[in-house]
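Enquirer: model this:
(2 chains)
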Protein chains: 2
Amino acid sequence: MTDRIRARYLIETPASPARAAAAMAGEQSTGTFIAVPGETPEIHRRHAARVENVVELDEHDEPALPGSRGGSPFHRAEVELSWPLENVGTSLPNLLATVAGNLFELQQLSGIRLETLGLPPELSRAHPGPQFAIDGTRRIADVWERPIIGTIIKPSVGLTPEETGLLARTLSRAGLDFIKDDELMANSPHSPLEPRLAAVLAALDDAASETGRMPLYAVNITGEIDEMLANVDRVAEMGGNCVMVSVNAVGIAGLRAVRQHSALPIHAHRNGWGALTRYPLLGYSYDVWQQLWRLAGADHLHVNGLRNKFWEPDDSVLASARAVLAPINGGPPVMPVFSSAQSAEQVADTYQALGSTDLMYICGGGILAHPDGVAAGVASIRQAWDAALGGVDLDEHASTHPELATALATFRDRHDRS
Amino acid sequence: MTDRIRARYLIETPASPARAAAAMAGEQSTGTFIAVPGETPEIHRRHAARVENVVELDEHDEPALPGSRGGSPFHRAEVELSWPLENVGTSLPNLLATVAGNLFELQQLSGIRLETLGLPPELSRAHPGPQFAIDGTRRIADVWERPIIGTIIKPSVGLTPEETGLLARTLSRAGLDFIKDDELMANSPHSPLEPRLAAVLAALDDAASETGRMPLYAVNITGEIDEMLANVDRVAEMGGNCVMVSVNAVGIAGLRAVRQHSALPIHAHRNGWGALTRYPLLGYSYDVWQQLWRLAGADHLHVNGLRNKFWEPDDSVLASARAVLAPINGGPPVMPVFSSAQSAEQVADTYQALGSTDLMYICGGGILAHPDGVAAGVASIRQAWDAALGGVDLDEHASTHPELATALATFRDRHDRS
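Expert: Coordinates of the predicted model:
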């Protein structure tokens, strides 16, 4: 137990790493570019950020980022800093201003990435955390001992509310556990939230009267703060059971405000995340990012998927999912959401690598573009998970399950197409 | 006039730029990784994002970002896309999800940066914009025909509320127009907002009874949404005249919520901005960023400063200041805030390059570390601006103004120190 905030960075610097670390600690606590009268030894002793650790790594001839002061070699290092909680208080935006504020701009650095964050329990306790997490989500969806299988309304843009309702009816009848709006579909003139929600909920009710099961429907409530809080109320009043938020676009304080106002699970979509993480010597690791959103209240967090349509390699995707599944400071794990060009073909590898069924497995095209239709698409995913959970080889299972066989034939070769 | 949202990107791709642009347009509107049944020609015609322009630039042997699919050469290009407003609606978070969402992750791209954004007037009109902007800020500060000269409470961390009040009294008596909290000083156990505000306001009132002038004091209200709205109320009730927000930490929706609740100017601090912009082939340009925060309600926007303590070159700083001073869609310009290792020594160059007095010129160490004290520090900045505005050479002016002479001797050589 500690009352210090700890942050570990990957840095690159033309100076010595120890000197760069000292500059980082100064900038983010009691120092500025020149000594000022009020920085007394007592203030320094009590409030200065501390350099906990510096581990030198390799050297590079070229700087990873422009604008640093000094020439080659550029030394990479891991640097750990810590701050007393009394410097910062417990709010998440002020935590960010301290551990991820001006540091990214320092001319002493030619690379700076926040890799891990360790928070005092008192700070964690100041935040609501997930309201539903894994068990609460399973309870609403009534899905146990296997992943929650879902899809995205596609096309993402252009369907009217009525057309969206018709599609939702088809999806629900096909046996999906979870349906979500696309992040491009929130509350626009061509698809306003309220009529869309009404049409979808009517369709789901209708299908549930046949199937006996009501899927989760994550309504994209993303918008301005007042708009989101009104949307949350409207979703609950109309009988909805889940909301989705584009969390990077809304901000950490915005998500927390939604969480405190909401009695529904929050599905956190990470669009925009690439800008914060894709360059290896700048920005944030997913491990830090997911920790913050969990404190703010996310119940489900997107982690991309194996062999996705994006840039991210599989080992990074799996590390993200494992981070989301690890408890933090006594806070529960939440649901990792596998999504992005997912289909039956990645199921066995996903399960083998993760060793858990606590995940949401979301296929857009991987269900909607199944040649034999949506029901066959859903069946193919269920069959693939049955095989994985039963320890049966995927292709062997496909030999007696035609929907799976067709899915594998359709989706396995798409990575070879442009 | 147009009802389309337009965004121009700098991209890099191992494919042909035209093909990459088509993938971008598909991902961010009607397409996904594979054709789905509902994407009708009618939907495509009405809702697909349009590739407006592709300008091929140079080629590179190595990719700027990891994870793209395909080998060298990597083609750089400028790509302009547009979307009908009816796809998106007017909310800022949903605008971001469309123009700056999953695009950063596409494997077709090895570089992607949002450079410019053109918004339909209808979208701009849906947002409050700045409540005070330049004229309103000048009216409160009662400063005309020259920059607003300010300082930052330093040390940033460690002063008690009472000590902060004492420092504010000294600063105010020394003739400053503007005093701001540091971004590291918001509402922490060692410096809670309310007693700090009370101590500072009492000090400023006291000094004003001698000087006849009340400076602007930007209180750092950064925190969770409900906390910020309560803080805004408290600042207004207690007689404060300005608030500061760490905008990246709070999020665009958060700042807009503050703006709608506030009757005070909003000083937008950009800490964290480096993570979004420092790598040239990822993230955002300042031009895009400042446009969004102005719509959300920022009255003052940090632009860094010449010969700053950060990585940014001077031409970039000046381009940012010019962007903040340009009207957008009929919305007024706001105050560019020059800050970061500023002192008397950058004044002449700042004025010569910008050709405007509509700016805030903020010196922390550049005032507080003046060898002859704070009053001499403030005098040195005023003298430097007098010289610049009067067309007098800085060193010539210093020969008859000892505070300026000492400031130049103190601060000019600091760039040669480590």
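
Enquirer: how does chain A divide up, domain by domain?
Expert: A:4-125, A:133-417 (automatic domain parsing).

Enquirer: figure out which of these is closest to B:Pro37.
Expert: Comparing the domains of chain A by their distance to B:Pro37 (C-beta to C-beta), the top pick is domain A:133-417, with 6.6 Å. From N, CA and C alone the C-beta is placed, and that goes for glycine too.

Enquirer: for chain B, give me its nearest residue in chain A.
Expert: Going by C-beta to the nearest C-beta, chain B is nearest to A:Gly251 of chain A, at 1.4 Å.

Enquirer: report the buried residues of the longest helix along chain A.
Expert: Longest helix of chain A, by residue count under DSSP state H: helix A:193-211. Going by neighbour count (16 or more other C-beta atoms under 10 Å in any protein chain shown), the buried part of helix A:193-211 is A:Leu193, A:Arg196, A:Leu197, A:Ala198, A:Ala199, A:Val200, A:Leu201, A:Ala203, A:Leu204, A:Ala207.

Enquirer: any chance of those in TSV, plus distance to chain B?
Expert: Listed next are the buried residues of helix A:193-211 as TSV, based on distance: C-beta to the nearest C-beta, whole Å:
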residue	distance to chain B
A:Leu193	10
A:Arg196	12
A:Leu197	15
A:Ala198	18
A:Ala199	15
A:Val200	14
A:Leu201	20
A:Ala203	15
A:Leu204	18
A:Ala207	18
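
Enquirer: lowest pLDDT pick from these?
Expert: Across those, the smallest pLDDT goes to A:Ala207, namely 93.

Enquirer: which non-adjacent residue is nearest that one?
Expert: Spatially, and ignoring its direct neighbours in sequence, A:Ala207 is nearest to A:Ser172 (3.7 Å; C-beta to C-beta, 6 or more residues apart in numbering or on different chains).

Enquirer: quick one: secondary structure of that neighbour?
Expert: Per DSSP: H, G, I helix; E, B strand; the rest coil, the local secondary structure of A:Ser172 is helix.

Enquirer: measure it to B:His261 for me?
Expert: Distance, A:Ser172 to B:His261, using C-beta to C-beta, to the nearest Å: 41 Å.

Enquirer: with neighbour numbers in mind, choose between the two.
Expert: Shown here are A:Ser172 and B:His261; by other C-beta atoms under 10 Å in any protein chain shown, A:Ser172 has more neighbours (25 against 18).

Enquirer: could you check the pLDDT of the more buried one?
Expert: On the pLDDT scale, A:Ser172 gets 94.

Enquirer: spit out the contact partners of it.
Expert: A:Ile179, A:Ala203, A:Leu204, A:Ala207, A:Ala208, A:Thr211, A:Pro215 (C-beta atoms under 8 Å, 6 or more residues apart in numbering or on different chains).

Enquirer: do A:Gly118 as well
Expert: With C-beta under 8 Å, 6+ apart, A:Gly118 has these contacts: A:Thr2, A:Ile5, A:Arg6, A:Ala7.

Enquirer: so the second one is in contact with A:Leu85, correct?
Expert: Yes - the pair A:Ile5 / A:Leu85 is scored as a contact, 6.3 Å apart, by C-beta atoms under 8 Å.

Enquirer: quick check, pLDDT for the nearest residue to A:Asp349 once chain neighbours are set aside.
Expert: Leaving aside its sequence neighbours, A:Asp349 sits nearest to A:Leu306 (C-beta to C-beta, 6+ apart; 5.5 Å). pLDDT for A:Leu306: 97.

Enquirer: do A:Arg414 as well
Expert: Per the predicted model, pLDDT is 68 at A:Arg414.

Enquirer: about what we covered before: tally of neighbours for the nearest residue to the residue of chain A closest to chain B once chain neighbours are set aside?
Expert: Once flanking residues are discounted, A:Gly251 sits nearest to B:Gly251: 1.4 Å by C-beta to C-beta, 6+ apart. Counted with other C-beta under 10 Å, the neighbours of B:Gly251 add up to 27.

Enquirer: for B:Gly251, what are its contacts?
Expert: Neighbour list for B:Gly251: A:Ala249, A:Val250, A:Gly251, A:Ile252, A:Ala253, A:Gly254 [criterion: C-beta under 8 Å, 6+ apart].

Enquirer: got phi/psi on it?
Expert: phi 90, psi 150 (degrees, to the nearest 10).

Enquirer: that one and B:Thr151, how far apart?
Expert: In terms of C-beta to C-beta, B:Gly251 sits 28 Å off from B:Thr151.
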